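Participant: I would like the atomic coordinates for the input below:
(2 chains)
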Amino acid sequence: MATIVRNNVGSTVREPPIDIQGLNHSFGSSEIRIQVLFDINLTMRRGELTVLLGASGSGKTTLLTLIGCLRRVEEGSVRLLGNELNGASENMLVQSRRSLGFIFQAHNLHESLTAMQNVRMGLEVHGRDATRNWEKSAEHLLTLVGLSDRLHYLPGSLSGGQKQRVAVARALVGNPDIVFADEPTAALDKVSGLQVVNMLKQLGKKRGTTTLMVTHDNRILDLADRIITLDEGRIIGDERPTY
Amino acid sequence: MTAFLTNLLGRLPIGWLQLVHNKARLAAAIAGVAFANILIFMQLGFQGALIESIRLPYIAMNADIIISGSDVNTMADGSPLPRQRMFEALSVPGVATATPFYLAKLDWKQSDGSERSLDIFGIDPSAKTFKLDEVNSSLDRITLLDRAMIDRETRNVSKVIFEDLNAGKPYIFETRGRTLTIIGTFAIGGGFSTDGYFIVSDQTFLKLFPQRSSGAPNHILVTLENGQNLDTMVKRLQARIPTYDALVQTVDQAVTRDQRFQTTQKPVGLIFGFGVAIGILVGIIIVYQVLSTDVADHLREYATFKAIGYPSRFFLGIVFEEAFVLALFGFIPGVFISIGLYAVVSNVTGLPITMPLSRPLLVLIGTFVMCGLSGAIATRRLANANPADLF
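Facilitator: Predicted structure coming up:
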């Protein structure tokens, strides 16, 4: 499905948020070169929650980091929000990442910053904006993830689930076009895990945020719009469950 | 402080927050920077004392121009020059007075057996060789043979001696086979090469040092008639006096030459300069250790910020922010402790160690540069923060 997305120069283009054609990726060089992705072709729709499945070493993480502008695309085409990532400059990759949200398996919160300050870091990256109140936006997101009473707590004073919710708030506070999540519910209990995924799904519906998530949590599979399975660097399954 | 820095930087002061989060490390880092500052301040203090102590006897002299041996570097090390140069100087129009000045080292054995090494000045008691009122008012008394005046700032001399002298009781001691009677005091202050000074008449001087000749003083002190231009008079004297055995300098030039020689050629001056360099090096190492450990401890968080889209300059900003916070917070205790140590050292050694206003400013700037340099080295570790490793 074609959709209207913003690109890095601020214009809008009628293009899917993620469009991958003939993507190959290898690590190392010459004799020790190991190819980890083979001819990946994938187009993702706006607002979709896509789950990426696969055994350890199947290439999920590499694919995630390539689409997420955290690694350089060497062979094939990855168009992200209308921008070609193959051959993109470092500056363009950094700029592109500002349109994305990342939720890591480990929360990776800054231990010296309060929950509010950690979330605020997701906004400050966009620079000063007179129309945006950093504090209010951060507080709003933390309230949404149920942490309105923990705004000024340092990560060391929060439980594992609470930390992960702060990380989710940090990823979402900048209204990203795409969210990349790596096992986001691994550290959460059943209720919190479902809350987080439901929140991502709601964002997809309300704001058109596309989510690409790596998970082994079967509870989440039920909420996915699309499930892609990777095996030894190749897509071996691509289904849209009907519930 | 956090609010102030947030307004100042236009962003959360991550560096400051990181530093205050680990208070033990912050305290150690501040102590390290303060230590480096104290080291630098003390070396600069000693160097300043050396420079000032060199100047003190010169500015006590009643002279506009000094004529010395052509090989002179310091007040004490030049060869004596022919007294004939004094008469040649007096023949130059514009010269008011020219007087010989004799100088030697005198070891003074104290009643407790310890020895003091003083510079002894032999002067013509009929001339006003010094600007010191106490000396000028006692010239008739030191005209008598074996009479002397002593610098009351002389190091490690019993206070009783000066109390007795102040009460009008002379102090008698033996040296170089003669009995000297100290009849009064004046104030100049010792330095690194001498504990203090004696002033005697030229005749007493020549009795104490019979190998010396009245025809070969160490210096000739020249005063000018009112209204004479100093540079012009130096040129006139240089034209009149042969250069192969005499050097004509203004007092300021002589002071500068002496200070430059002692700070750059003599071991003591070099040691202080080296000490400053060591202080800076210690500071760089301490701050680098703190910053590089801090960067290493936060690599994962930095990688997360990189993933979010923060550019490299943001991380450089954090490291430099930490470096400058450490510089400022280390400097403040460093300067106050140094002022206290200056007072203690000055009291114990009698050296003129003071804190001119320009020195803290200079050291503060140096500390910022030192910490900035450490920060610049520590930023190399930032390259290890790879956001792709987060997944």
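
Participant: which bits of chain A sit near chain B?
Facilitator: Residues of chain A lying near chain B by Cβ under 8 Å from any Cβ of the partner chain: A:61, A:64-65, A:68, A:70-71, A:91, A:94-98, A:100, A:102, A:104-106, A:108-113, A:117, A:120-122, A:124-125, A:128, A:154, A:170, A:182, A:214. Backbone N, C-alpha and C define where each C-beta goes, glycine included.

Participant: out of those residues, which are buried?
Facilitator: Applying 16 or more other Cβ atoms under 10 Å in any protein chain shown to the residues of chain A next to chain B, the neighbour count classes A:61, A:64-65, A:68, A:70-71, A:94-98, A:100, A:102, A:104-106, A:108-113, A:117, A:120-122, A:124-125, A:154, A:170, A:182, A:214 as buried.

Participant: and the gap between A:Phe102 and A:Arg120?
Facilitator: Noted for A:Phe102: a distance of 16 Å to A:Arg120, by Cβ to Cβ, to the nearest Å.

Participant: A:Gly47 reaches A:Gln202, doesn't it?
Facilitator: No - checked against Cβ atoms under 8 Å, the pair A:Gly47 and A:Gln202 is beyond contact range at 10.4 Å.

Participant: can you map out the helices along the chain?
Facilitator: I'll assume chain A. Ranges of helices within chain A are A:60-67, A:90-97, A:115-124, A:134-144, A:160-172, A:190-207, A:218-221, based on DSSP state H.

Participant: Chain B, not that one
Facilitator: Under DSSP H, chain B gives helices at B:2-9, B:14-21, B:23-60, B:84-90, B:133-136, B:139-142, B:159-166, B:202-208, B:230-240, B:251-264, B:267-297, B:299-308, B:312-349, B:358-378.

Participant: What part of chain A, helix or strand, is modelled with the least confidence?
Facilitator: strand A:4-6 (a mean of 48; mean pLDDT, DSSP states H and E).

Participant: Domain-wise, how is chain B divided?
Facilitator: When chain B is parsed with automatic domain parsing, its domains come out as B:2-53+B:267-390, B:80-244.

Participant: Of all the ones you listed, which one comes closest to chain A?
Facilitator: Chain A lies closest to domain B:2-53+B:267-390 among the domains of chain B, at 3.6 Å (Cβ to the nearest Cβ).

Participant: what's the span of the closest one, first residue to last?
Facilitator: The first residue of domain B:2-53+B:267-390 is 29 Å away from its last residue (Cα to Cα, to the nearest Å).

Participant: again with stretch B:351-364
Facilitator: Terminal residues of stretch B:351-364 are spaced 24 Å apart (Cα to Cα).

Participant: And that stretch, what's buried?
Facilitator: B:351-353, B:355, B:359-360, B:363-364.

Participant: Not counting it itself, show me its contacts.
Facilitator: Residues from elsewhere that reach stretch B:351-364 (Cβ atoms under 8 Å, 6 or more residues apart in numbering or on different chains): B:37, B:40-41, B:44-46, B:48-49, B:52-53, B:56, B:189-192, B:327, B:331, B:334-335, B:338-339, B:342, B:345-346.

Participant: Then stretch B:47-63?
Facilitator: Residues contacting stretch B:47-63 (Cβ under 8 Å, 6+ apart): B:66, B:74-75, B:101, B:119, B:128-132, B:188-192, B:197, B:221-223, B:251, B:254-255, B:258-259, B:262-263, B:268-269, B:272-273, B:276, B:346, B:351-354, B:356, B:359.

Participant: Show me which positions of it end up buried.
Facilitator: Residues of stretch B:47-63 classed as buried: B:47-58, B:60-63 (neighbour count, 16+ other Cβ under 10 Å).

Participant: now that stretch: mean pLDDT?
Facilitator: What stretch B:47-63 shows for mean pLDDT is 94.

Participant: Tell me how many other residues surround the residue nearest to B:Thr129 when sequence neighbours are not counted.
Facilitator: Nearest residue to B:Thr129 in three dimensions, chain neighbours excluded: B:Ile123, at 4.1 Å (Cβ to Cβ, 6 or more residues apart in numbering or on different chains). If you count neighbours by other Cβ atoms under 10 Å in any protein chain shown, B:Ile123 ends up with 27.

Participant: Give me the pLDDT value at the most centrally placed residue in chain A.
Facilitator: For chain A, A:Phe180 is the residue whose C-alpha lies nearest the centre (Cα atoms, centre = their mean; 1.3 Å). pLDDT for A:Phe180: 92.
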